[in-house]
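Novice: Give me coordinates for this.
(one chain, ligands or ions: 1)
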Amino acid sequence: MKLIIGISGATGAIFGIRLLEVLNQVEDVETHLVLSKWAVTTIVEETEYSVDEVKSIADYSYSPSDLGAAISSGSFNIDGMIVAPCSMKSLASISLGLADNLITRAADVILKERKQLLLMTRETPLNAIHLEHMLKLSQMGVSIFPPMPAFYNHPLDLNEMIDHIVFRLLSQFNIHQLPEDKIWTGFKKRNLKRAIT
Ligand SMILES: Cc1cc2nc3c(=O)[nH]c(=O)nc-3n(C[C@H](O)[C@H](O)[C@H](O)COP(=O)(O)O)c2cc1C
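Specialist: All right, here's what the predicted structure looks like:
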């Protein structure tokens, strides 16, 4: 499976980084990474990783201004694309088909080729412009996947919370990494009363 991973300049660069790390451990997945100009800033500002370290996790890495890159063309066979996190600017650009950098151009190609696109949209609160873009893209088959934490899995720390979101995201691509004990299997015995009432 060949996947494009875009990391844009919304807060939460760690989601894109963990995604790359997990995919690195999955057999037969090739990753093609694009960091936006502002993702470079959030990586440095928010994480312990250097930009070069992040690039080295991916199989291939491209400059966001390289609109001549292989992934800029529909003739280069790609299975899908994930933008994590996806800023409201990248969301708008994809929704409007601007194709103004390699992330948004690659997403435009994914849409025209009718391949799978997932956007981990990150902003809060959301205004009507954000919501309209998300609705439009969702109606075109795009997965709109904001990084919402779950609590039923009893995360012990932020890393577990991030991993749970990344694993749930990957299941959209039929890549199943969620540990068995983190899958919801119904109420536990201690909660049986609540389940029955
Ligand atoms: C530390 C930091 C956090 C940001 N967080 C968000 C965010 O959560 N969502 C968002 O839409 N934009 C956020 N921005 C603004 C984007 O970086 C900005 O709109 C940028 O133009 C996005 O461009 P890109 O999508 O090409 O990366 C943030 C900027 C900085 C510096």
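
Novice: Please name the nearest non-neighbouring residue to the spatially most central residue of the chain.
Specialist: Closest residue to the average C-alpha location of the chain: Ala84 at 3.1 Å, with C-alpha atoms, centre = their mean. Nearest residue to Ala84 in three dimensions, chain neighbours excluded: Met120, at 3.8 Å (C-beta to C-beta, 6 or more residues apart in numbering). From N, CA and C alone the C-beta is placed, and that goes for glycine too.

Novice: Glu21 is in contact with Thr31, correct?
Specialist: No - using C-beta atoms under 8 Å as the test, Thr31 is too far from Glu21 to be in contact (10.2 Å).

Novice: Find residues that contact each of the two.
Specialist: By C-beta atoms under 8 Å, 6 or more residues apart in numbering, Thr31 and Glu21 have these common neighbours: Ile57.

Novice: Looking at the two, which is more packed in?
Specialist: Using other C-beta atoms under 10 Å as the criterion, Thr31 and Glu21 rank with Thr31 on top: 20 against 14.

Novice: The more buried one looks like it's in a strand, true?
Specialist: Yes - Thr31: assigned to a strand according to DSSP: H, G, I helix; E, B strand; the rest coil.
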